[in-house]
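Asks: Here you go, sequence then predicted model.
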Amino acid sequence: MKLDIQGHSGCDIAIVHEDNELFIHKSTHDAGYVPRLVNQANKQIAASRIEYQNIRVPKIFDVAQSDTSAVIKMEYIYSRNFIEHFEQAGFEQIKYLIGAIKYFIDLEIANSKMQTVPSSILTDKMADVARKVEKNIHLKDDDEAQELVRQSTVVMNGVGDMVMPVGMCHGDLTFSNILFNGNNYYLIDFLDSFIESPLLDIVKIRQDTAYLWSTLMYHKPFDKVRLSIISEKIDTAIDEYFTGKYEWYRKYYMPLQLMNFLRILQYGKEDKVIAYLKRVIAGQLAIINQPKTA
Amino acid sequence: MMTLIVPIAANNSEYASKLPRPFRIDDEGTMLCVKAITGLPMDEIKDIYYVILREHDERFMLSEQLAMQFRRHRLDNAHVTVLDEPTGSQAETVAQAIKINGIEGLVFIKDADCYFSTDEILPQNGVSIYPLENLPIVDPQHKSYVAVDDMFYVTNIIEKRVVSHFFSAGGYCFEDAQEFCRYYERLKDYSPLYLSHIIYAMLLDKKIFRPILIDDYQDWAVTHVNQ
């Protein structure tokens, strides 16, 4: 038996019932996407071999690949999404989640090496964003968006070479890619990242905790105030923890978070989402450009 | 000793022409919002503040009516605080009452549309709770629910989601009025903001809340709905 469900990675997701067990089939029939999906599967397989506290990675049982398609068969996880989890989570469950996020990223850092990421990675990416925004029919005549891109280009040109841990990262560590099962958290939808750094995972998780990005995609009613209070709590805890520990976090978090939202903006279609992204990016530029106090 | 605050300053559209329910009189001649506090241990309360709206006060002469009720029930320590504008939340009403009256220390907030009795309120953060199964009539979607652990510490409070068989019975104790105001200031831009959100934010910051087990709960809002 096969039940199709909506995914958010661009791939087809199906729940398959075989021999009294449920499995997830994640597939693509886009030849251009096949290598990327296979890479994601390999990343997930590698991550599932590591023991994490409270964090689990669904097992992958099979990767079937041809020139034009790929299908990944993986473990089905009985779980709730982040909003349903937060709607009912007591304070101690939020504390466990904060601990698990810190532990997971610290483990990624321990499995990475400090490396110099050349400035060209960021400036080339910025040039690519500028081109895509210029071509995007929803943005090319948007003066505000163009000005934000211009100001962001100045910021990215000023960052220079970055020294940070490189080697291990989930690649898309947003709340929508975490399945909640009690105090166990299952990570799904591993993705290749333009810098394979744990810092990019902090950027992604704070995309939700600081900016509530994933709630934009949720269309059922929920207690927005409660979710905001929880998000703020998690965000403050993560920010204080990494600010206190790592210079690379203090130096590069903001420019990389700016780049993260620019990369979402470049594909913007819906007016509501574009307005939200412009507001966020303008706020980030204001923080980055504010005079440094002595 | 604690300060008791009874907030009744919401501008419910239902009250545009009608007397707000908490100011209605029961068969014994007692105003419901006054009856609402009669089950509390009065010898632990130093001052009582009823917080009402000027619009309601002028239309229904509430200050005068409340003064008569206070005399009749020998509530010599009861006062009326009149707000010029409706508030956006119960939390805002309480924060304004604290600020206007310079209230410090332990405060107990009592909903005006229900009654319960309790022998003792300890000087600590707390939420009054009552088991759902003890109610003959239940209106579950208009309540917040309180989860407690085995040692009777509050672990969760949530609006309109049944996470526990205990619901919040409309009495909230805060050991520091100024701390309550600090949390209100932090959260005041959120809407709709409930007292349960303030308590949950405090729980997340490791503030300890204990349940206050109460008796004889009466929910006049449900009684009204079902009449």
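Replies: That came through fine.

Asks: Look at the spatially most central residue of chain A and tell me its secondary structure.
Replies: Nearest to the geometric centre of chain A sits A:D172, at 2.9 Å (CA atoms, centre = their mean). What DSSP: H, G, I helix; E, B strand; the rest coil gives for A:D172 is coil.

Asks: Check what pLDDT the residue nearest to it when sequence neighbours are not counted gets.
Replies: Setting aside the residues directly before and after it, A:D172 is nearest to A:L191 in space (CB to CB, 6 or more residues apart in numbering or on different chains), at 4.1 Å. C-beta coordinates here come from the backbone N, C-alpha and C atoms, glycine included. We note a pLDDT of 93 for A:L191 in this prediction.

Asks: Tell me how far A:L191 lies from B:D119.
Replies: 59 Å (CB to CB, to the nearest Å).

Asks: Of these two, give the one with the bigger neighbour count.
Replies: A:L191 (18 against 11; other CB atoms under 10 Å in any protein chain shown).

Asks: Is it correct that that one is in contact with A:H170?
Replies: Yes: counting by CB atoms under 8 Å, A:L191 does reach A:H170; the two are 7.4 Å apart.

Asks: contacting residues around B:Q124?
Replies: Neighbour list for B:Q124: B:173, B:175, B:208, B:210 [criterion: CB atoms under 8 Å, 6 or more residues apart in numbering or on different chains].

Asks: So B:H79: helix, strand or coil?
Replies: strand.

Asks: For the residue of the stretch 1-150 of chain A found nearest chain B, the count of nearby residues, please.
Replies: Closest residue of the stretch 1-150 of chain A to chain B, CB to the nearest CB: A:G90 (3.5 Å). If you count neighbours by other CB under 10 Å, A:G90 ends up with 21.

Asks: Contact partners for it?
Replies: B:147, B:155-156, B:203.

Asks: was I right about A:F82 contacting A:N181?
Replies: No: taking CB under 8 Å as the definition, A:F82 is not a contact partner of A:N181, at 12.0 Å.

Asks: So for these two, which sits in the more crowded spot?
Replies: A:F82 (24 against 13).

Asks: sorry, back to before: tell me which of the contacts of A:G90 is nearest to B:M42?
Replies: B:L203 (29.3 Å; CB to CB).

Asks: Sticking with the closest one, tell me its helix or strand.
Replies: Assigned by DSSP states H and E, B:L203 belongs to helix B:195-204.

Asks: So which residues on chain A come close to chain B?
Replies: With CB under 8 Å from any CB of the partner chain as the criterion, chain A meets chain B at residues A:87-92, A:94, A:223-226, A:228-230, A:233.

Asks: please redo it, this time with the cut-off set to 7 Å
Replies: For chain A, the contact set with chain B under CB under 7 Å from any CB of the partner chain comprises A:87-88, A:90-92, A:94, A:223, A:225-226, A:228-229, A:233.

Asks: Now list the buried members of those.
Replies: Buried members of the residues of chain A next to chain B, counted by 16 or more other CB atoms under 10 Å in any protein chain shown: A:87-88, A:90-91, A:94, A:223, A:225-226, A:228-229, A:233.

Asks: Now, these that are in strands?
Replies: Among those, the subset assigned to strands under DSSP state E is empty.

Asks: State the pLDDT value of the closest residue to B:I45 other than its chain neighbours.
Replies: Counting by CB to CB, 6+ apart, B:L4 is the residue found nearest to B:I45 once chain neighbours are left out, at 4.9 Å. At B:L4, the pLDDT value in this model is 98.

Asks: now swap in the one 5 residues further on and tell me
Replies: Here the pLDDT value assigned to B:A9 is 89.

Asks: right, and the secondary structure at the residue nearest to A:D172 would be what?
Replies: Going by three-state DSSP: A:L191 is coil.

Asks: Please tell me how far B:D76 sits from chain A.
Replies: 39 Å (CB to the nearest CB, to the nearest Å).

Asks: doesn't that residue fall inside a helix?
Replies: No: counting by three-state DSSP, B:D76 is not found in a helix; it is coil.

Asks: With adjacent residues omitted, what lies nearest to it?
Replies: Nearest one to B:D76, counting by CB to CB, 6+ apart, is B:F70 at 7.4 Å.

Asks: Can you report how many residues lie near A:Y211?
Replies: When neighbours are counted by other CB under 10 Å, A:Y211 comes out with 21.

Asks: actually A:A286, not the one I typed
Replies: 10.

Asks: quick revisit: and the residues of chain A next to chain B, which of them are in helices?
Replies: Judged by DSSP state H, the residues of chain A next to chain B include A:87-88, A:91-92, A:94, A:225-226, A:228-229, A:233 as members of helices.

Asks: Can I get these in a markdown table including pLDDT?
Replies: What follows is these, written out as a markdown table (pLDDT from 0 to 100):
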| residue | pLDDT |
| --- | --- |
| A:E87 | 91 |
| A:Q88 | 91 |
| A:F91 | 95 |
| A:E92 | 95 |
| A:I94 | 96 |
| A:V225 | 96 |
| A:R226 | 97 |
| A:S228 | 97 |
| A:I229 | 98 |
| A:K233 | 98 |
